[in-house]
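Visitor: Fold the following.
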Amino acid sequence: MVRHFLKDDDVTPAEQAAILRLAHELKKSPYRERPFEGPKTIALIFDKTSTRTRVSFAVGVADLGGSPLVIDSQSSQMGGKESVADTARVLERQVAAIVWRTYAQAGLEEMAANSSVPVVNSLSDDYHPCQILADLMTVQEHKGELAGLKLAYVGDAANNMANSYLIGGALAGMHVSVAAPNGYAPAAEIVARAAAIAASTGGSVSVHENPADAVADADVVTTDTWISMGQEAEKAKRIADFAGYTIDQALMSKAKSDAIFLHCLPAYRGYEVAAEVIDGPQSVIWDEAENRLHAQKALLVWLNQQSN
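Guide: Coordinates of the predicted model:
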């Protein structure tokens, strides 16, 4: 049966752990797995601009023996003259997998419902599950076992990164603590889903308004931009609303002394994070950025194995 990866809990805790183990193996031996030798083609569809996602998937597909086909939505018929469902039926006959960076989660769900090859969410408005795999891999490299670690997220907790941290972190048995101002808390449904998962993995989830409460004794501290793509008109209001939520050295000092800092990038120094933190000794953002490559390769290999 074909497997898709549209949101973090499309895999079980054991499956997430297996993908992460494979990611570490592929980082050590980049060309060990060649499931797309031929080469088979992987469609990489972009509705949003991209640097890390485009590079890491294109390089990763090539490393796995495949040929990356980059499709910009502006130059395709999809969603305009041709429906998502029809696009899926065209692509499934010619490519080995579909990777889509888009806006609405519903589009990904429709694509997957009509595709006989794996569909991967490389970012949507609701989730960023590939990023969380890379982040968890990075935490393992610096901290070892994930279960029992505390991860604190500060900032816009109503966005895709916070959703994926809550669910992906809970799957890994972590204690995920988020802090956001009033009006920017995660959706109740996301918190409930994450809490239910955490109850079975030994993790926990908590939501705060005070950043210091979320960061206290954290092993990992992370954030995301306050102004995501499509929110540029809200910039002034958001900057005002997030006053006091910048991760600076004073806030980092509330975490454990050996805590690490993550950021999915792009970062805006002086807004969601101070330069002293993101460019400081606790920051592991460049390891994190590189690990997108290894984690996504592992995901593609695993999905291919499960779907054949």
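Visitor: Find the nearest non-adjacent residue to residue 214, please.
Guide: Nearest residue to residue 214 in three dimensions, chain neighbours excluded: residue 179, at 3.6 Å (Cβ to Cβ, 6 or more residues apart in numbering). Bear in mind the C-beta positions are built from the backbone N, C-alpha and C, glycine included.
Visitor: List the beta-bridge partners for the one you found.
Guide: Residue 179 forms beta bridges with residue 154, residue 208, as assigned by DSSP bridges.
Visitor: Identify the residue nearest residue 285 in space, chain neighbours excluded?
Guide: residue 263 (5.1 Å).
Visitor: ditto for residue 182
Guide: residue 209 is the one closest to residue 182 (Cβ to Cβ, 6+ apart), at 6.6 Å.
Visitor: do residue 284 as well
Guide: Distances taken as Cβ to Cβ, 6+ apart place residue 260 nearest to residue 284, at 4.9 Å, with adjacent residues excluded.
Visitor: The one you found: neighbour count?
Guide: Using other Cβ atoms under 10 Å, residue 260 is surrounded by 25 other residues.
Visitor: same thing with residue 24?
Guide: Neighbour count for residue 24, taken as other Cβ under 10 Å: 15.
Visitor: Quick check, it in contact with residue 137.
Guide: Yes. Under the criterion of Cβ atoms under 8 Å, residue 24 makes contact with residue 137 at 6.8 Å.
Visitor: show me where the chain has strands.
Guide: Taking DSSP state E as the criterion, the chain carries its strands at 41-46, 67-72, 97-101, 119-123, 150-154, 175-179, 204-208, 220-223, 260-263.
Visitor: Can I get the third one in PDB? Just the C-alpha atoms.
Guide: This points to strand 97-101. C-alpha atoms of strand 97-101 as PDB (Å, rounded to 0.1, in the frame of the first residue of the first chain):
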ATOM      1  CA  ALA A  97       7.200  10.300  -5.900                       C
ATOM      2  CA  ILE A  98       5.600  13.800  -5.700                       C
ATOM      3  CA  VAL A  99       7.100  16.400  -3.300                       C
ATOM      4  CA  TRP A 100       5.000  19.500  -3.000                       C
ATOM      5  CA  ARG A 101       5.700  22.900  -1.200                       C
END
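Visitor: Now do the residue nearest to residue 284 against residue 295, distance only.
Guide: 17 Å (Cβ to Cβ, to the nearest Å).
Visitor: follow-up on the earlier one: for the residue nearest to residue 284, give the beta-bridge partners.
Guide: residue 220.
Visitor: So for it, what's the pLDDT?
Guide: According to the prediction, residue 260 has pLDDT 99.
Visitor: can you pull the contacts of residue 305?
Guide: By Cβ atoms under 8 Å, 6 or more residues apart in numbering, the residues touching residue 305 are residue 35.
Visitor: What is the neighbour count of residue 280?
Guide: Residues lying near residue 280 (other Cβ under 10 Å) number 12.
Visitor: circling back to that earlier point, in this structure the residue nearest to residue 285 contacts residue 286, no?
Guide: No. If you go by Cβ under 8 Å, residue 263 and residue 286 don't touch, sitting 10.4 Å apart.
Visitor: higher neighbour count, these two?
Guide: Of the pair residue 263 and residue 286, residue 263 is the one with more neighbours under other Cβ under 10 Å, namely 24 against 10.
Visitor: Contacts only, for residue 105.
Guide: Counting by Cβ under 8 Å, 6+ apart, residue 105 touches 6-7, 121, 124-127.
Visitor: pLDDT, neighbour count and distance to residue 32 added to these, as JSON lines?
Guide: Output for the contacts of residue 105, formatted as JSON lines (pLDDT from 0 to 100; neighbours: other Cβ atoms under 10 Å; distance: Cβ to Cβ, whole Å):
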{"residue": "6", "pLDDT": "99", "neighbour count": "19", "distance to residue 32": "27"}
{"residue": "7", "pLDDT": "98", "neighbour count": "22", "distance to residue 32": "28"}
{"residue": "121", "pLDDT": "98", "neighbour count": "28", "distance to residue 32": "25"}
{"residue": "124", "pLDDT": "97", "neighbour count": "25", "distance to residue 32": "30"}
{"residue": "125", "pLDDT": "95", "neighbour count": "18", "distance to residue 32": "35"}
{"residue": "126", "pLDDT": "97", "neighbour count": "20", "distance to residue 32": "33"}
{"residue": "127", "pLDDT": "98", "neighbour count": "26", "distance to residue 32": "29"}
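Visitor: Out of those residues, flag the one nearest to residue 226.
Guide: Nearest to residue 226 out of those is residue 125 (Cβ to Cβ; 15.6 Å).
Visitor: For that closest one, which non-adjacent residue is spatially closest?
Guide: residue 103 (5.3 Å).
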